[in-house]
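A.B. asks: My questions concern the predicted model and sequence given below.
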Amino acid sequence: MVSQAHVERCGPRPGAGWVGTLVLAWAAWAGMVAGGRAWAEVGQEPVEVGEPGEPAPPSPAAEDGAGREAPPGEEAADDDEEGGDPFRPSYQIESVEVVGSPRTSPELILSYLRFKAGDALDEEAVQLSRIRLLALGYFRDVQMRLSRGSERGRVKVLVEVEERNSIIIDDLFLGYSLTNEFWGGLGVSDINFLGLGLALSGAFVASEAQQAVRVGVFWPSILATRFQAGVQALFVHGRERALVDAIPDPLGGRAGNCPFDRPLDLPYLRAGGIVGLGIKLDSSHRFSLALHTEHIEADLHAPSIEGAPCGNYPFQGYVRNGQSTLSSLTFTFERDTRDDYFMPTQGMHLQVSIELGSKIFGSDYEYSKYMLSYSHSFTLWADHVLRLSVLGGLIQDVGQSGSPFFSRFFVGDHALFQVDKGSLPRNLEVNFSEVVDYADLLASIEAEYDVPLWSGGAYFYRGYFYASLNFSYLTKASFLASEDEWTGRTKRPVSFDLGLKFDTPVGLFTLALGYMLDVAF
């Protein structure tokens, strides 16, 4: 029996990548859906631009349709010649200014705009710029308005932002199991440190037998350029524990197996980190390269029978005994068109990565790991949202020095909550449940339906009811592993969850019915 309070940040599942952990784009929901236009009044009527006798630009807050007012003298001409486009090329942007006194660097804000001084006034570019600013997570609302320029046909664009609290709670760990009586932990981030767009993060989790600490920094736009960089450090004092019931043939009745009458432990230490560089190809595409290096110490003393290792020793091949080094290089391509990082209502997210561990990089472990994840959100009636996700992965080990166990797929990481579930997601890559089996082949499909409950609250900005259904299957790539050989094979691949999601000034939290059912049953 295992259980865990599911109040973690609703975001990438464990193992989804360090960049996803560091970059926390808490988009401001109310600002993105209110009005539906990029131009809006800021406590006043829109400023009309133009000299006496010159047609003024259209009202920025005007809506499409019958209620729209066309500039004088253009009622019929624009509809016929421009297809109803309210913006005319004759209006040129003279300057773009950030008004007020935002904590965020004005240069950083301007770097995310899709237009600049000298461009023609383009509504689509302004709308995309507003969405990009909101998706950063730094702002609760973004408004833009026009001001008269110094000459005829010129306008000034004024950008006004309402900032959010940048210090948030990423993760809240809490649970118990048969192998760890209790564990807990916390993750905190400043997603806009000193207003420079730097994301600083730190997290820890601990039980009596296991502890882990992770810290990191990520710069999504170095000096307001397309380049990105990040560093993450991780320290783990862990212990994999296999209970007697989890050991195949614990009585040693088969040839080559040993009898076990007590739990078996695999204590280990990990110390290392990741250094990554990336480049934004455009507003939706990104390519990154990450170097992962760790020093590992493991006390792996496999028992033997008649001079040969016991065939039912559960930790065989998990890691090298004594001291070893892991070094790998990961290439990642990402396409992201979501309108919200954690609770998107439309858009898609595609991520493809290849990780290579090789002696060329100084590694004692040689393997290749291939990952593909895809999700797409659809807005339905009454702002309801349907989200479909697919996740697949394959690990190919090279000889006896294959991948270490913590780099493999874990059954608890890719399933929702179940009644009497035997495994839980790892916390900071530490396994606290009694299942100690890892896979090298993963296939997962998930559907989630979100129902908005409210938005615009003073503390609870928005709330959702959600229902999720997941099908996940993990196994050995050889397809030859029997249930006795691999006890962690997914026996009930279908899982579900119901609950509430809350967006608050300190983060996005989930209250899951699956957790309460797990405790009750």
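C.D. replies: Perfect, thanks for sending it. Residues are numbered from 1 along each chain as shown.
A.B. asks: from here on, contacts and neighbour counts on C-alpha atoms
C.D. replies: Fine.
A.B. asks: Can you classify Leu113 by secondary structure?
C.D. replies: coil (DSSP: H, G, I helix; E, B strand; the rest coil).
A.B. asks: who touches it in this structure?
C.D. replies: 125-126, 129-130, 132-133 (CA atoms under 8 Å, 6 or more residues apart in numbering).
A.B. asks: please redo it, this time with the cut-off set to 7 Å
C.D. replies: Shown in contact with Leu113 (CA atoms under 7 Å, 6 or more residues apart in numbering): Ser129.
A.B. asks: mind listing the helices in this protein by residue range?
C.D. replies: Residue ranges of the helices in the chain, as given by DSSP state H, are 18-22, 29-33, 75-81, 106-111, 123-135, 513-520.
A.B. asks: and the first one, average pLDDT?
C.D. replies: It stands for helix 18-22. For helix 18-22, the mean per-residue pLDDT is 33.
A.B. asks: same thing with the third one?
C.D. replies: Taken as a whole, helix 75-81 carries a mean pLDDT of 39.
A.B. asks: Tell me the spacing between the residue nearest to Ala212 when sequence neighbours are not counted and Ser201.
C.D. replies: Spatial nearest neighbour of Ala212, chain neighbours left out: Val236 (4.3 Å); criterion: CA to CA, 6 or more residues apart in numbering. Distance of Val236 to Ser201, given as CA to CA, to the nearest Å: 17 Å.
A.B. asks: swap in Thr225?
C.D. replies: Thr225 is 22 Å from Ser201, by CA to CA.
A.B. asks: and if you look at Arg114?
C.D. replies: The value you get for Arg114 to Ser201, if CA to CA is used, is 29 Å.
A.B. asks: who has more neighbours, those two?
C.D. replies: The neighbour comparison of Arg114 against Ser201 (other CA atoms under 10 Å) goes to Ser201, with 24 against 17.
A.B. asks: bridging residues for the nearest residue in space to the more buried one that is not next to it in sequence?
C.D. replies: Distances taken as CA to CA, 6+ apart put Ser189 closest to Ser201, at 4.2 Å, once the chain neighbours are dropped. Beta-bridge pairing for Ser189 (DSSP bridges): Ile168, Ser201.
A.B. asks: burial measure for Ser189, as a count.
C.D. replies: 26.
A.B. asks: Could you shift the numbering so residue one becomes 346, and keep it that way?
C.D. replies: Sure thing, new numbering starts at 346, so read that last one as Ser534.
A.B. asks: what residues are up against Leu478?
C.D. replies: Counting by CA under 7 Å, 6+ apart, Leu478 has contacts Tyr457.
A.B. asks: How confident was the prediction at it?
C.D. replies: pLDDT for Leu478: 86.
A.B. asks: Tell me the spacing between it and Met489.
C.D. replies: 12 Å.
A.B. asks: cool, Gly498 as well?
C.D. replies: Distance from Gly498 to Met489, by CA to CA: 18 Å.
A.B. asks: I figured Tyr710 was touching Ser746, is that so?
C.D. replies: Yes - between Tyr710 and Ser746 there is a contact under CA atoms under 7 Å: 4.9 Å.
A.B. asks: who's more crowded, those two?
C.D. replies: The residue with more neighbours, out of Tyr710 and Ser746, is Tyr710; 25 against 17, by other CA under 10 Å.
A.B. asks: residues touching the more buried one, list them.
C.D. replies: Counting by CA under 7 Å, 6+ apart, Tyr710 has contacts 671, 702-703, 746-748.
A.B. asks: Pass me the low-pLDDT residue ranges in the chain, would you?
C.D. replies: 346-435, 687, 762-767, 822-837, 860-866 (pLDDT under 70).
A.B. asks: Which of the contacts of Tyr710 fall in strands?
C.D. replies: 671, 702 (DSSP state E).
A.B. asks: Nearest to Val589 among the contacts of Tyr710?
C.D. replies: Taking CA to CA as the measure, Val589 lies nearest Ser748 of those, at 25.4 Å.
A.B. asks: Counting neighbours, what do you get for the residue nearest to Asp594 when sequence neighbours are not counted?
C.D. replies: Once flanking residues are discounted, Asp594 sits nearest to Asn657: 6.8 Å by CA to CA, 6+ apart. Other residues within reach of Asn657, judged by other CA under 10 Å, total 23.
A.B. asks: Might one say that Asn657 is in contact with Arg599?
C.D. replies: No - counting by CA under 7 Å, Arg599 is not a contact partner of Asn657; they are 9.3 Å apart.
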